[in-house]
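1. I need the structure of the sequence given here:
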Amino acid sequence: MSWVQSAIVLIISFLISRIIIDSNMHLGFINHVMRRSRSNVATFITTLLMVSFGLSLFFSNTIVVLAMIPVIRSILNGIQDPAQRKMLTTPFILALIYGANIGGMGSLTGTYLNVLSLSLIEVYRVPGSENITFFSWFLIGIPGALILLAISRFIIKIEERKSPFVGQFYPPAEDISDRAYRKYALFFIANVGFFITLTGLQFFFRPKPVVLQLNIIDIIFLVYFLLFLFFAFIYPRKNKKLESFLGNGLYFILFLIFSPVIFIVESLKEIGSRFHIKSNKAVSILDQKLHNAFNLVWHFFFREKIKDLKKKRSNVHISANRMVYDLPFFGLVFLGLVVLGVFIILKIGDDPSTSTIDGTVFRFFEQLSSRLIPHGGEMFFFLFVLILIAIFLTELINNTTVVLIAFPLIIKMAATMGANPLFILLGVGVAANGAFMTPVATSVNAVAYAGVPGVSLRKMLKLGFILNVVSGLWMTLLFYFLYKIF
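-> Below you'll find the model as predicted:
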């Protein structure tokens, strides 16, 4: 799959998530299920698991968790008995964590790490990487993830049986009409169907480049991307006068231009807030100049000023300013520092005369792996150990770091074994998304654990450990099978 298709699928999936989740479609689905079934704990846990899984197949699983937390809070607040509320908090949150993490494994767009893993595979020119598309990942990822989802439901059942609920159980309040629900569901299905169709054609026919190294599928994706941007940011929701089109278009362009400055200003504000640093006068001046520059251009065209740049624009499907201001600025800065730090650490002791990274840290993990995996050993054991290392390392350090360290090491080790590293790399990349034990393992775990008070860390560690081992074995079986048949 070309980088053009990967980037467009990832960006549009994020934009669709803004439209779908802002519409409260997930609430509509939960209400639909619970109105037509028994409103009990088991039903809600299964529904929560399936909804977080289904949404995370196509949207960022962290965004999904942020959208689902208010639903869980609403359910828990409706339980009068504090003891029973406390007992149910942990299985509810575990269902959210397990569903979102497993959904993130099941498709290319589930987490950014999937796209990063595929990008690294293409950078290293691993044979067979051209066969990895949204369609082919979906084809293998869905059955594999569904098996893991069933296993996770069984593990949650262990805790659920210890938390018998007695009393009335209320579903979340109705927040979306059936007509609106059907409209957004059709919008979602149509776009996902388009992804699957185009990437399926790419997988089966592999068209040759026609212009600028882009094939016909790439060109269709680019046209689709431009049309979607027009629909999301420019096409008015209600008042479809020419002035509305022009206003929405200028609004989008201005925030696109000013977004680097906004990122700097908001990042400095968040850093100051987190570390209790007094407001910097230079930041305030920069913020004011940004506001003045925006209004200077806006007043020139429309003879009016915008008082609050953070206020949502109502006559568009996605308000460009909220796209920018809702970014996790501190998180992005932190991620950039982590990636930079990992690169610097990997370069320590690196031999500049060689084309590959072979620094001190790389050699340490190479020696550790060689001790754990005997030379000439069975590929199944080799893969199993690597996947378990990826899972449990992710419980302690950022999964991006795990992938950046592991990939060049695996490529080198696979070369000495005379094996194609493609499915080994994919197995480790997917496994780095699936750490279920600790709150710091993934952004999903951290947000869910912190979002609802009362989650038992002891139970999270115990059940997460079981799921880590079982999922590690299952992923080994899956990717070993793929390695053998391909």
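
2. For Leu113, which residues are in contact?
-> If you count contacts by CB atoms under 8 Å, 6 or more residues apart in numbering, Leu113 has them with Gly104, Asn399, Thr400, Val403, Gly429, Ala432, Asn433. C-beta here means a position set from N, CA and C on the backbone, and glycine is covered the same way.

3. typo on my end, Met68
-> By CB under 8 Å, 6+ apart, the contact set of Met68 is His26, Leu48, Val51, Ser52, Leu96, Ala100.

4. how much space between the nearest residue to Ser6 once chain neighbours are set aside and Gly104?
-> Leaving out its chain neighbours, the residue that sits closest to Ser6 by CB to CB, 6 or more residues apart in numbering is Val115, at 5.5 Å. Val115 sits at a distance of 11 Å from Gly104 (criterion: CB to CB, to the nearest Å).

5. neighbour count winner among the two?
-> Gly104 (31 against 19; other CB atoms under 10 Å).

6. Can you point out the helix or strand that includes the more buried one?
-> Counting by DSSP states H and E, the secondary-structure element that holds Gly104 is helix 82-106.

7. So which other helices or strands are in contact with that helix?
-> In terms of contacts (3 or more CB pairs under 8 Å, 6 or more residues apart in numbering; DSSP states H and E), helix 82-106 is packed against helix 41-56, helix 61-77, helix 112-123, helix 134-160, helix 443-451, helix 457-485.

8. Could you list the low-pLDDT ranges of the stretch 251-400 of the chain?
-> 274, 278-279, 328, 330-332, 334-335, 338-339, 342, 355-358, 365-366, 368-377 (pLDDT under 70).

9. which residues in it form helices?
-> 281-302, 320-325, 329-347, 360-372, 379-394, 399-417 (DSSP state H, counting those that start in this stretch).

10. deepest of these, which one?
-> Per-stretch averages of neighbours, counted by mean count of other CB atoms under 10 Å, single out helix 379-394 among the helices of the stretch 251-400 of the chain, with a mean of 21.

11. Report the angle between that one and helix 457-485.
-> With axes from the mean of the first three to the mean of the last three CA atoms, to 10 degrees defining the directions, helix 379-394 sits at 150 degrees from helix 457-485.

12. Tell me how far helix 379-394 lies from the chain's centre.
-> Centroid separation between helix 379-394 and its chain, computed with CA atoms, centre = their mean, to the nearest Å, is 22 Å.

13. Phe392 versus the nearest residue to Ile16 once chain neighbours are set aside, what's the distance?
-> Of all residues not flanking Ile16 in the chain, Asn191 sits nearest, at 5.7 Å (CB to CB, 6+ apart). With distances taken as CB to CB, Asn191 is found 36 Å from Phe392.

14. next one: Ser107
-> With the distance defined as CB to CB, Ser107 ends up 24 Å from Phe392.

15. which ones are touching Lys269?
-> In this structure, Lys269 makes contact with Val283, Phe329, judged by CB under 8 Å, 6+ apart.

16. so what are the domain limits for this protein?
-> Domain ranges of the chain: 3-231, 238-327, 341-485, per automatic domain parsing.

17. start to end distance for the first one?
-> End-to-end span of domain 3-231 (CA to CA, to the nearest Å): 23 Å.

18. cool, and the second one?
-> Using CA to CA, one end of domain 238-327 lies 27 Å from the other.

19. How far off centre is it?
-> Centre-to-centre, domain 238-327 and its host chain are 26 Å apart (CA atoms, centre = their mean).

20. Need phi/psi at the spatially most distant residue from the centre of the chain.
-> With distances taken as CA atoms, centre = their mean, the residue sitting farthest from the centre of the chain turns out to be Arg303, at 41.2 Å. Note on Arg303: backbone dihedrals following degrees, to the nearest 10 are phi 50, psi 40.

21. Relative to Lys241, how far out is it?
-> Taking CB to CB, one finds Arg303 at 16 Å from Lys241.

22. Ok, Arg458 next?
-> Arg458 is 60 Å from Lys241, where distance means CB to CB.

23. before we move on, what about Ser107?
-> From Ser107 over to Lys241 the distance is 39 Å, taken as CB to CB.

24. More neighbours: which of those two?
-> Neighbour count, other CB under 10 Å: between Ser107 and Lys241, Ser107 has more, with 24 against 9.

25. okay if I get the contacts of Met68 as JSON lines plus distance to Ile158 and neighbour count?
-> As requested, those are exported to JSON lines (distance: CB to CB, whole Å; neighbours: other CB atoms under 10 Å):
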{"residue": "His26", "distance to Ile158": "26", "neighbour count": "22"}
{"residue": "Leu48", "distance to Ile158": "17", "neighbour count": "25"}
{"residue": "Val51", "distance to Ile158": "22", "neighbour count": "25"}
{"residue": "Ser52", "distance to Ile158": "19", "neighbour count": "28"}
{"residue": "Leu96", "distance to Ile158": "17", "neighbour count": "30"}
{"residue": "Ala100", "distance to Ile158": "20", "neighbour count": "31"}
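
26. Out of those residues, the closest to Phe228 would be?
-> Nearest to Phe228 among the contacts of Met68, counting by CB to CB, is His26 at 21.2 Å.
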